[in-house]
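[1] sequence and predicted structure are below.
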Amino acid sequence: MIAYLRIAILAGAASFGSQAMAQDLEILHWWTSGGEAKSMEVLKKMYREKSNAHLKESNIRGGGGFNAMKALKSRAASGTPPAIVQMKGPEIQEWGQQGFLTSLNEVAKEEKWEQKVPDVIASYMKHKNNWVAVPVNVHRVNWLWYNKELFAKYKATPPKTLDELFALADKMKAKGDLPFAHGGQPWQDATVFEAIFLATAGPELHKRLFVEQDEKALDDPRVKTVFENFRRYVSYLDSNRAGLDWDKATEMVISKRAAMQIMGDWAKGEFLKAHAVPDKNFGCVAVPGTDGLFSFNVDSFVFFETKSATSKKAQNQFASIVMSEPFQIEFNRNKGSIPAVLDVPLQDFDSCAKLSKEDFVKASKTGGLLPSYSHQMALNVDMINSLAEVVSVFAQSQMTAEEGVRNFKKVFKGNKI
Ligand code: GAL
C-alpha cells in the first residue's frame, strides 16, 4: 500500500528525513481541537525545557487522523517525511515494513521501557522487535458522555442497556430535547457503530471480524441487528449535522443543546477545557451494553529515519520525555486519556480516568480488552475508510440492514462497494 512511496524516494527524491533546519524537529499530528491543542502545549513546554531543538509543528485538522495519514503519504512521496509522526496500530508496521522508521532501542534499553509498558501496548510500538514508537496514552472509545442537568430534568440515571438508552432518548425527543450530539464525518459514524456493535454482538464477534478479519463472522445474525440498532440510533440525530466536527458536537452537550454523546474520552478533554466538572456538570459511563468491555485506542509517535545525528539525538530526547512520568500525568490529565506507562500514580486524575483504569485492568483479565477498529488499532486506514463509508451511506440512506451487511462483506473480500 505504501510501498510505492519508498520506491519514489529511492528513485531519486531528496534524501529522506526532516528537511527542516538541523535544529528543527518536525512533528506531524492531528491534535487541533481545543482540548487536544491544550494537551499538545504540555508536550511542547516539556520539550522546550529539556532540549535545544525547536519543535516545528505540522498540524493537520481532522479528528481520527485520517487527513493526517493522507498528508504523511504525500510528504513521504516527495522525500521529506517529518522526523516524528503521530500514528497508530497496524499503520506503524506498514511504515516499518517499508524501511521508513528508525530504532529507539538504545534509549529503550537505557530506560528499561520493556518493564514500563504492558505487552498489549508494547507490541504496537515495535517493528521486528525494535522499538520504533512511543505510546502517549490509552484512550477508551466506548464511552457515553452526558449532561447532568439534562439527565436531572428527566430524573434519569445512566442507562444500562441499549433498550434503556433508546427509551430515554424517546422521552427526550418527545419533549423537544436533542438526545445525542453527533458530528458529520464518517469516522464519527464508525466510532458509534463500533460501540453499538460491541453492545449488540459482543466481544467474540468483534474479535473475529475486526481483529482476525474472518468475514464469515458477518453471517452471524447479530451483525444484522447491529445495523438495525445503529439505524435506531441515527433516528435521534439532528439531520443538520453535515460536516460537524466531533468537538463541536461535544460543545453541544456541554451547553445543554444535546443530552449525550457517544465518543472516546478525548471528548473529556473538551469538557475540561470548558471548565465543566466531572460528576457535577457531566457524567461518563461505558456505552450501555458494553459494561466490562474496553475498546482501546493508544496514541503514539513514530520516529522516521533521519540522516542527521543532531535530529537523531533530538528524537531520542523527545521519546524519553513522552515516556517520563511527569509527561504521562500532565498530558493525560488534559487529554482525557490514562497513562500508557505502568505504575504511574492516578491520584491527581478525575473519576472518569480512574474508572477507565479500573475497567482496563478488569477487561484485560476477562478478554474484554479490544483494539478499536475504528481508531486504527486493528485494521489499516484504507480498510477503516471503506467500512466507515458503508456505515455513513447506510446512515444517510434508506439502505436495509441486510444491504449494510452485504456491503461490509464486499469490503472484507476486497471488492468495490
Ligand atoms: C483519535 C485519537 C485521539 C483524538 C481523536 C479525535 O483517533 O486517538 O487522540 O485525537 O482521534 O481527533
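    That came in fine, so what should we check first?

[2] residues contacting residue 346?
    Residue 346 makes contact with 338-339, 353-354, 357, according to Cβ atoms under 8 Å, 6 or more residues apart in numbering. (Each C-beta comes from the backbone N, C-alpha and C, glycine too.)

[3] which PyMOL command selects the buried ones in these?
    Here is the PyMOL selection string for the buried members of the contacts of residue 346, based on 16 or more other Cβ atoms under 10 Å:
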select buried, resi 338+339+353+357
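
[4] give me the buried positions along stretch 231-249.
    Those would be 231, 233-234, 236-238, 241, 244-247, 249, for stretch 231-249 by 16+ other Cβ under 10 Å.

[5] ok, those residues vs residue 207, which is closest?
    residue 233 (22.7 Å; Cβ to Cβ).

[6] list the buried residues for the particular helix or strand that has that closest one in it?
    In the assignment (DSSP states H and E), residue 233 maps to helix 221-234. The neighbour-count check on helix 221-234 (16+ other Cβ under 10 Å) flags 223-227, 229-231, 233-234 as buried.

[7] what mean pLDDT does that helix have?
    Averaged across helix 221-234, pLDDT comes to 98.

[8] could I get the contacting residues of the closest residue to the ligand within the stretch 51-200 of the chain?
    Relative to the ligand, the nearest point of the stretch 51-200 of the chain is residue 63 (3.4 Å; Cβ to the nearest ligand atom). If you count contacts by Cβ under 8 Å, 6+ apart, residue 63 has them with 30, 33, 183, 185, 187-188, 245-247.

[9] now do the helices in the stretch 201-350 of the chain.
    With DSSP state H, counting those that start in this stretch, the ranges of helices along the stretch 201-350 of the chain come out as 221-234, 246-254, 266-273, 309-322, 325-335.

[10] in the fourth one, what counts as buried?
    Translated: helix 309-322. Quick answer for helix 309-322 (16+ other Cβ under 10 Å): 311-312, 314-322.

[11] out of the residues you listed, who's nearest the ligand?
    residue 322 (13.8 Å).

[12] check contacts around the closest one.
    Each residue near residue 322 by Cβ under 8 Å, 6+ apart is listed here: 43, 134-136, 301, 328.

[13] let me see the confidence value for it.
    98.

[14] likewise residue 6?
    53.

[15] repeat that for residue 140.
    Model confidence at residue 140, expressed as pLDDT, equals 98.

[16] just checking, it touches residue 297?
    Yes: assessed by Cβ atoms under 8 Å, residue 140 is found in contact with residue 297 at 7.5 Å.

[17] between those two, which contacts overlap?
    With contacts defined as Cβ under 8 Å, 6+ apart, the residues shared by residue 140 and residue 297 are residue 264.

[18] more neighbours: these two, which one.
    Higher neighbour count among residue 140 and residue 297: residue 140, with 29 against 23, using other Cβ atoms under 10 Å.

[19] write out the residues of the stretch 201-350 of the chain neighbouring the ligand.
    With Cβ under 6 Å from any ligand atom as the criterion, the stretch 201-350 of the chain meets the ligand at residues 266, 297, 299.

[20] in JSON lines: these, plus pLDDT.
    Output for those, formatted as JSON lines (pLDDT from 0 to 100):
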{"residue": "266", "pLDDT": "98"}
{"residue": "297", "pLDDT": "98"}
{"residue": "299", "pLDDT": "98"}
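
[21] so how far is residue 266 from residue 141?
    9 Å (Cβ to Cβ, to the nearest Å).

[22] got it, and residue 312?
    With Cβ to Cβ as the criterion, residue 312 and residue 266 are 31 Å apart.

[23] any idea how many residues pack against the closest residue to the ligand within the stretch 151-300 of the chain?
    Using Cβ to the nearest ligand atom, the closest approach of the stretch 151-300 of the chain to the ligand is made by residue 266 at 3.8 Å. By other Cβ under 10 Å, the residues close to residue 266 number 27.

[24] what do you get for residue 166?
    18.

[25] check which residues of the helix or strand hosting it are buried.
    Using DSSP H and E, residue 166 maps to helix 162-174. The neighbour-count check on helix 162-174 (16+ other Cβ under 10 Å) flags 162, 165-166, 168-169, 172-173 as buried.

[26] ok, residue 205 - contacts?
    The contact partners of residue 205, by Cβ under 8 Å, 6+ apart, come to 197, 217, 220, 222-223.

[27] and the pLDDT at it?
    pLDDT, residue 205: 98.

[28] and the gap between it and residue 367?
    Distance of residue 205 to residue 367, given as Cβ to Cβ: 13 Å.

[29] do residue 58 as well
    39 Å.

[30] how about the residues of the stretch 1-150 of the chain that lie near the ligand?
    Contact residues, the stretch 1-150 of the chain versus the ligand (Cβ under 6 Å from any ligand atom): 30-31, 36, 63-65, 139.

[31] how about 8 Å then?
    Residues of the stretch 1-150 of the chain lying close to the ligand by Cβ under 8 Å from any ligand atom are 30-33, 36, 62-65, 88, 137, 139.
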